[in-house]
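S.K.: Starting from these lines, generate the structure:
(one chain, ligands or ions: 1)
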Amino acid sequence: MTFSDELWDSAADVYDAVRAHPFLTGLTDGTLPHEAFGHFVTQDSHYLRGYARALAVLAARAPTEDDTTLFAQHAAGAIAAEQEMHAELSASLRIDRSGTPGPTTLAYTSYLLATVHGGSFAEGLGAVLPCYWIYARVGEALLAGSSPDPLYARWIAMYGGDEFQAVVDAAVGVMDRVAADLAPVERERVLAHYRTTSRYEWMFWDAAWRLETWPV
Ligand SMILES: Cc1ncc(CN)c(N)n1
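M.R.: Numbers count the residues shown, from 1 in each chain. Sure thing, here's the model as predicted:
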């Protein structure tokens, strides 16, 4: 069993909860209100800025030149592709993506940044991995059925597409390589970060579903 298998299995219950969430079932059957999707797109634009910063820190702390190149490319290229899609979706939904990050967005990005700065490279990678991997698995699972709503179909095609899957495979491969040299205590820390950010992934969809705002 590879370390990435162990990681995936450790948060498989969270992934199952993600798949069952009404935001995703609504995306698939087309019943998700555009207001909730617009909320998601706006918050995700904020999220991606924080995520890109976290990947850039990871690139700077990477153990090999190839890893630095990989995460720097992901910080620039992958994020640009997602932001481009958000710009198109926002125009179709006629939403303005300005405003401030909501509570869940801020908590999630703050956790990512704290971990990539304060933990080891492996811990940082464990924290960013659910962002890659859960979206790839969700995209892959939803691709065949897609959605009757063309905006949701566009979103599913992005994450279910080969390009995104290849990006994710590369990041998972680095995790497996790095894990070979980790002491058991550090593996446990990686698993803990991975589970926490998997939970944040569920919370991010839930926040959009609830149209979350700051309570005061
Ligand atoms: C919250 C979140 N998580 C993951 C992804 C996919 N990079 C995303 N765009 N937004």
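S.K.: Low-confidence stretches in the chain?
M.R.: Residue ranges of the chain with pLDDT under 70: none are present.
S.K.: where do the helices sit along it?
M.R.: 3-10, 12-20, 22-29, 34-61, 65-73, 79-93, 103-118, 121-143, 150-160, 162-179, 184-209 (DSSP state H).
S.K.: Deepest-packed of these, please.
M.R.: helix 121-143 (a mean of 22; mean count of other C-beta atoms under 10 Å). In short, each C-beta sits where N, CA and C put it, glycine included.
S.K.: thinking again about what came up before, present the helices of the chain as JSON lines; the columns should include distance to the ligand.
M.R.: Formatted as JSON lines, the helices of the chain follow (distance: least, C-beta to the nearest ligand atom, whole Å):
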{"stretch": "helix 3-10", "distance to the ligand": "16"}
{"stretch": "helix 12-20", "distance to the ligand": "10"}
{"stretch": "helix 22-29", "distance to the ligand": "12"}
{"stretch": "helix 34-61", "distance to the ligand": "5"}
{"stretch": "helix 65-73", "distance to the ligand": "13"}
{"stretch": "helix 79-93", "distance to the ligand": "5"}
{"stretch": "helix 103-118", "distance to the ligand": "7"}
{"stretch": "helix 121-143", "distance to the ligand": "4"}
{"stretch": "helix 150-160", "distance to the ligand": "7"}
{"stretch": "helix 162-179", "distance to the ligand": "8"}
{"stretch": "helix 184-209", "distance to the ligand": "4"}
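S.K.: doesn't Asp176 make contact with Leu7?
M.R.: No: assessed by C-beta atoms under 8 Å, Leu7 is found out of contact with Asp176, at 9.3 Å.
S.K.: Mutual contacts of those two, please.
M.R.: Taking C-beta atoms under 8 Å, 6 or more residues apart in numbering as the contact rule, Leu7 and Asp176 touch no residue in common.
S.K.: what's the closest non-adjacent residue to the residue most central in space within the chain?
M.R.: Centroid-nearest residue in the chain: Cys131, 2.2 Å away (criterion: C-alpha atoms, centre = their mean). If the residues on either side of it in the chain are set aside, Cys131 comes closest to Tyr51, at 6.1 Å by C-beta to C-beta, 6 or more residues apart in numbering.
S.K.: What of Gly139?
M.R.: Setting aside the residues directly before and after it, Gly139 is nearest to Tyr159 in space (C-beta to C-beta, 6+ apart), at 2.7 Å.
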